[in-house]
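J.: Generate coordinates for the sequence data below:
(one chain, ligands or ions: 2)
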Amino acid sequence: TGHKWGYGEEDGPSAWHKSYPIAQGTRQSPINIVPEEAVYDSRLPAISINYDNCTSLNISNNGHSVVVEFEDMDDRSVIQGGPLENAYRLKQFHFHWGGKDCDGSEHTVSGKTYVSELHLVHWNAVRYRTFGEAAAAPDGLAVLGIFMEKGDGHGDLHTITDALYMVKFKGSVANFKGFNPKCLLPSNLKFWTYPGSLTTPPLHESVTWIVLAEPIRVSDKQMAKFRMLLFSAEEEEQRKRMENNFRPPQPLKGRTVRASFK
Ligand SMILES: NCCOCCOCCNC(=O)c1ccc(S(N)(=O)=O)cc1
Ligand SMILES: [Zn+2]
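T.: Numbering: from 1, shown residues only. Ligands and ions are numbered 1, 2, ... in the order given. Down below sits the predicted model:
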C-alpha cells in the first residue's frame, strides 16, 4: 500500500523524501566509504556465514530489482559475528546495477563506483517475530553488501543470470530451488560496518550494514542479462529497462564506519 516510487526523474531517490521523510534521517544508506577514515576495530569478530542448509524458494521481479527468496522459518541459514549480537536469518538477496559500466553500485569506496552491488538481507529472528517487525527496528536487519566489478564471468553467477529471462516483467515469479548464495561470496570476508537503513522506500533505519571490501567479478554478458529485465509489467504499453536501480550515497551525519582490517 506504500506510495509508488521508482528510479526515474519524477519518482526517483531525490523525490522519495516527499512520501518517506526518513529519507533525510540521520542513518540513511548507502554511503561513500572512505577507508582512511574507517576506524579499525581489532575486537570485531570475523563474520560467520552459515548457508549450508539454506533453502532458496523463488526468483522474482518486484519492479525495482530481481530478488531470490529463502525459507526463513528457522535458523537454517544465518549470518553472525562481526558487529552482530545475534544470529540473523537469510531472507532474500537482490541486486542494484547501472545502465552502463560507469556506475551501478549503491555504496562507493572513496568515490569509486562498481558496476553492481549484491545485497544479502537477513533479519533478527531472536528479537523479532516477523521480517516486517524486524525491518522497522533499529537492530532488526543485517545486510551483507558485495561489490561486483567488471571482469571475466563469475562461475556461479550464471545460474542467476541464466534464470533472468523467466522474470523479465514486473510481477513475474519463477521456481528457483537449490541455489546456495555462499558461492557468490569473495574469498576474503574483510569488511566495513556501520549503522544504516534500507536503500529503498520505506528507508527504515533498521540495517546494520556489513560491506565486504573484496569485490566479485561479473562479465559484460552477465550484466547485459540484468539489463534486459524490465521495470514494467507485461501489460504496460511503454517498456522501461530495469537499470540504474541504485540510490546515491547519503550524508554520513557523524556516523563511524568500522573496519575489520587494517
Ligand atoms: N510493509 C510491511 C512490512 O514492512 C517491511 C519494510 O520493507 C519491505 C520491503 N523492503 C525490503 O524488504 C528491503 C530489504 C532490503 C533493502 S536494501 N537495498 O537496503 O538491501 C531494501 C528494502
Ligand atoms: Zn539492496
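
J.: Could you report the separation of residue 126 from ligand 1?
T.: When CB to the nearest ligand atom, to the nearest Å is applied, the distance between residue 126 and ligand 1 equals 18 Å. The C-beta positions use only the backbone N, C-alpha and C, and glycine is treated the same way.

J.: mind checking the SS state of that residue?
T.: Look at residue 126: counting by DSSP: H, G, I helix; E, B strand; the rest coil, its state is coil.

J.: List the residues that contact the nearest residue to it once chain neighbours are set aside.
T.: Leaving aside its chain neighbours, residue 126 sits nearest to residue 86 (4.1 Å; criterion: CB to CB, 6 or more residues apart in numbering). Shown in contact with residue 86 (CB atoms under 8 Å, 6 or more residues apart in numbering): 80, 124, 126-127.

J.: Apply the buried test to the residues you listed and list what passes.
T.: Restricting the contacts of residue 86 to buried positions leaves 80, 124, with burial counted as 16 or more other CB atoms under 10 Å.

J.: just curious, which of the contacts of residue 86 is nearest to residue 252?
T.: residue 124 (24.0 Å; CB to CB).

J.: Ligand 1 contacts on the stretch 101-250 of the chain?
T.: Taking CB under 6 Å from any ligand atom as the criterion, the neighbours of ligand 1 within the stretch 101-250 of the chain are 119, 121, 132, 135, 143, 198-200, 202, 204, 207.

J.: circling back: how about the contacts of residue 86 in a markdown table, adding pLDDT?
T.: What follows is the contacts of residue 86, written out as a markdown table (pLDDT from 0 to 100):
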| residue | pLDDT |
| --- | --- |
| 80 | 98 |
| 124 | 98 |
| 126 | 98 |
| 127 | 98 |
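
J.: can you map out the helices along the stretch 51-200 of the chain?
T.: Counting by DSSP state H, counting those that start in this stretch, the segments of the stretch 51-200 of the chain that form helices are 131-135, 157-161.

J.: contact partners of the first one?
T.: Just to be clear, that refers to helix 131-135. Contact with helix 131-135 is made by 72, 91, 123-125, 127-128, 140-141, 198, 202, 204, 206, as judged by CB under 8 Å, 6+ apart.

J.: Mind doing that once more with 10 Å?
T.: Among residues not part of helix 131-135, those counted as contacts by CB atoms under 10 Å, 6 or more residues apart in numbering are 72, 88-89, 91-92, 121-128, 140-142, 198, 202, 204, 206-207.

J.: No further queries at this time; thank you.
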